[in-house]
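Engineer: attaching a predicted model along with its sequence, questions to come.
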Amino acid sequence: MKPQPRQRISLRAHAVRLGLRLFVKRRYRREPIEVVRQRFKRMELLVPRPPLGTKTRNFSLNGLPARTITVRKARPGTEVLFLHGGAYSVGSFRNYGHFTWRLGKAARARVLALDYRMAPEHPYPAALNDALAAYCWLLDQGARPDRILLAGDSAGGGLTLALLLKLRDEGVPLPAGAVALSPWTDLATTGASLHTKADTDPMLVASEIPHHAAMYLGGADPRDPYASPLYGDPRGLPPTLIQAGGDEVLLDDGVRMAEKMQAAGCDVELQVWPRMPHVFQLLATVMPEAQAAVAEIARFARRVLP
């Protein structure tokens with residue numbers, strides 16, 4: 001079998017890959033979780049502001065920090081519930097201020113972003129319970145399920161898919177659809193790409209994934225479907241868009257999830273973007289491939305939202 005030619009990517013994507021490899025992956029070292037959280041806190045100061053006319057409101061949702069982001073073209077009554085990534089242990093919706101408004105623009109919706117409780121202080125199922133409470137809060141506020149889109153990246157992408165399983169099993173009306181970006185769906189860490197992509201991934205250190213999984217699980221079964229949606233039965237779940245980077249170690253988490261949903265008769269779209277890193281969509285401020293991926297999210301949202 002002949003080796004496949006390497007797909008061409010933009011010069012900006014080349015620069016991003018190099019920067020990630022030099023300043024993120026190569027300098028990675030395991031640090032106390034509070035040190036990492038403080039670094040993410042400082043990074044909030046560098047997040048670009050949303051466009052003029054975007055309205056944000058910070059408030060407390062069941063005692064947790066939350067924010068609504070409303071772009072100019074948001075349709076009243078249309079909602080996106082966004083669950084951020086960060087290995088279930090770091091980060092905040094404030095780190096996503098440059099992306100949540102893009103998500104709202106793509107879906108022409110108001111975005112609700114939540115800071116769910118994080119590990120190791122609050123292990124599984126705290127994050128799932130908080131995501132469920134946020135979704136039910138939207139329903140209590142009068143939102144129609146068929147006008148809600150779930151979205152999340154990395155750990156938040158896995159949490160998005162786990163939430164779908166939880167909603168279905170609890171008999172809560174399902175949303176119109178879901179978008180999972182580089183979702184982490186297998187906390188048992190059995191994906192082949194953890195090994196085959198360990199060198200090509202410019203950002204993530206594959207050997208550290210089990211450590212983060214154990215921190216979130218807190219002793220729970222890594223094959224519990226509500227922690228690792230890959231091991232759940234996806235029958236009956238709503239339309240789902242899964243995007244993944246072709247060079248990321250979590251590639252198989254998204255691919256296998258899409259394959260399982262397809263086998264169960266679900267309406268699922270899988271997009272693997274060649275040579276892209278983990279959650280490359282967050283680089284839409286600089287990278288054309290990320291902008292194109294956001295455009296695909298907009299197309300999907302137009303299809304599933306009335």
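Structural biologist: That came in fine, so what should we check first?
Engineer: alpha carbons only for contacts and neighbour counts from here, please
Structural biologist: Noted.
Engineer: buried residues in stretch 215-230, which are they?
Structural biologist: Buried residues in stretch 215-230, counted by 16 or more other Cα atoms under 10 Å: 215-218, 222-230.
Engineer: tell me the one of the residues you listed nearest T189?
Structural biologist: The nearest member of the buried residues of stretch 215-230 to T189, counting by Cα to Cα, is P222 at 8.6 Å.
Engineer: doesn't the closest one belong to a strand?
Structural biologist: No. P222 is assigned coil when assessed by DSSP: H, G, I helix; E, B strand; the rest coil, not a strand.
Engineer: for it, what are its contacts?
Structural biologist: 186-188, 213, 228 (Cα atoms under 8 Å, 6 or more residues apart in numbering).
Engineer: show me what contacts the closest residue to P238 other than its chain neighbours?
Structural biologist: With sequence-adjacent residues excluded and distances taken as Cα to Cα, 6 or more residues apart in numbering, P238 is closest to G177, at 5.1 Å. Applying Cα under 8 Å, 6+ apart, we find G177 in contact with 148-150, 238-240, 304-305.
Engineer: so which of these is the most crowded?
Structural biologist: Using other Cα atoms under 10 Å as the neighbour test, those are led by I148, with 29 neighbours.
Engineer: that one pairs with what?
Structural biologist: E79 (DSSP bridges).
Engineer: wait, doesn't it sit right on E79?
Structural biologist: Yes. In this structure, I148 is within contact of E79 by Cα atoms under 8 Å, at 4.8 Å.
Engineer: sorry, back to before: want to throw the buried residues of stretch 215-230 into a markdown table with secondary structure and distance to I9?
Structural biologist: Below are the buried residues of stretch 215-230 laid out as a markdown table (DSSP: H, G, I helix; E, B strand; the rest coil; distance: Cα to Cα, whole Å):
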| residue | secondary structure | distance to I9 |
| --- | --- | --- |
| M215 | helix | 36 |
| Y216 | helix | 35 |
| L217 | helix | 37 |
| G218 | coil | 40 |
| P222 | coil | 36 |
| R223 | coil | 36 |
| D224 | coil | 38 |
| P225 | coil | 36 |
| Y226 | coil | 36 |
| A227 | coil | 34 |
| S228 | coil | 32 |
| P229 | helix | 32 |
| L230 | helix | 30 |
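Engineer: export those as CSV, with columns for pLDDT and distance to R27.
Structural biologist: Putting the buried residues of stretch 215-230 into CSV (pLDDT from 0 to 100; distance: Cα to Cα, whole Å) gives the following:
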residue, pLDDT, distance to R27
M215, 98, 22
Y216, 98, 24
L217, 98, 26
G218, 98, 27
P222, 98, 29
R223, 98, 31
D224, 98, 33
P225, 98, 34
Y226, 98, 33
A227, 98, 29
S228, 98, 29
P229, 98, 31
L230, 99, 31
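Engineer: returning to what we had before: of the contacts of P222, closest to N129?
Structural biologist: So of these, ranked by how close each gets to N129 (Cα to Cα), first place is S228, at 14.6 Å.
Engineer: from memory that closest one sits against L187, does it?
Structural biologist: Yes. Counting by Cα under 8 Å, S228 does reach L187; the two are 5.6 Å apart.
Engineer: please report how far the residue nearest to P238 lies from P32.
Structural biologist: Distance of G177 to P32, given as Cα to Cα, to the nearest Å: 37 Å.
Engineer: just L45 next, same as before
Structural biologist: Applying Cα to Cα to L45 and P32 gives a distance of 22 Å.
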